[in-house]
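*Asks:* sharing a model that was predicted from the sequence below.
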Amino acid sequence: MATRGRPRKFDREEALERAMRVFWSKTYEGTSLSDLTSAMGINTPSLYAAFGSKQELFREALAHYVENYHNGIWTGLDEAPSIFDAVRFFLTRSAEAYCMTGQPPGCMVVLGAQHSCTEDQSVPAGLSKMRKNNLLQLQARIEQAKEEGELPGDFDTAAAATMLFSMQTGMSVLARDGVCEDALLAAADQCVEAFRAMANRPR
């Protein structure tokens, strides 16, 4: 007589990865519990036992995304030898990441929830706070370049950071709409040149 095999042990990290991909592709409010349990291979009581709630699962999935799929863009911004290298890395790496084969297109921080999410306002509010912090991080890097003499003393760091961040978030939306990586990289090159022109304009 054949013996029944031991039940497969629940792999929390694997389940979190699968949940992240569902939220990333369908948004928080567009994802149902059945979507999650089907992707994670567990039932609803097990989901609640492991993660507490859909909201808490989303927060963990978002943290997993930031740690494994998002941070390289931002750490590279600080590690580049010059501000122009930093800006080019920031935009080209974003374009590449948002179009990467084998993962949902775009950025989960940008596309993870609708602004008018009625299911839980804390979810879009939390994503909005993350985006604002990212914008401030970008501006701080440009401010550093100005303090170090790479950029003119009257350089408008807020305007430059807003331009670059708008470009990045726009690339996320376009990638979700199917715009190819080559087109986003070409647009990134144009934005880098616009940033360089801002720095070199006659005073």
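*Replies:* Structure's in. What do you need? None of these values were measured; they are calculated from a predicted model. Residues are numbered from 1 along each chain as shown.

*Asks:* need the helix or strand of the chain with the lowest average pLDDT.
*Replies:* Ranking every helix and strand in the chain by mean pLDDT, DSSP states H and E puts helix 71-79 at the bottom, with a mean of 84.

*Asks:* tell me which residues in that helix are buried?
*Replies:* Ile73, Trp74, Leu77 (16 or more other C-beta atoms under 10 Å). From N, CA and C alone the C-beta is placed, and that goes for glycine too.

*Asks:* any idea how far Ala194 is from the nearest residue to the first one once chain neighbours are set aside?
*Replies:* Once its chain neighbours are removed from consideration, Ile73 has its nearest residue in Arg93; the separation is 5.0 Å (C-beta to C-beta, 6 or more residues apart in numbering). Using C-beta to C-beta, to the nearest Å, one obtains 18 Å as the distance from Arg93 to Ala194.

*Asks:* more neighbours: which of the two?
*Replies:* Applying other C-beta atoms under 10 Å to Arg93 and Ala194 shows that Arg93 carries more neighbours, namely 17 against 14.

*Asks:* coming back round to it: ok, residues contacting the least confident helix or strand of the chain?
*Replies:* Ala86, Phe89, Phe90, Arg93, Ser94, Ala97, Asn134, Gln137, Leu138, Arg141 (C-beta atoms under 8 Å, 6 or more residues apart in numbering).
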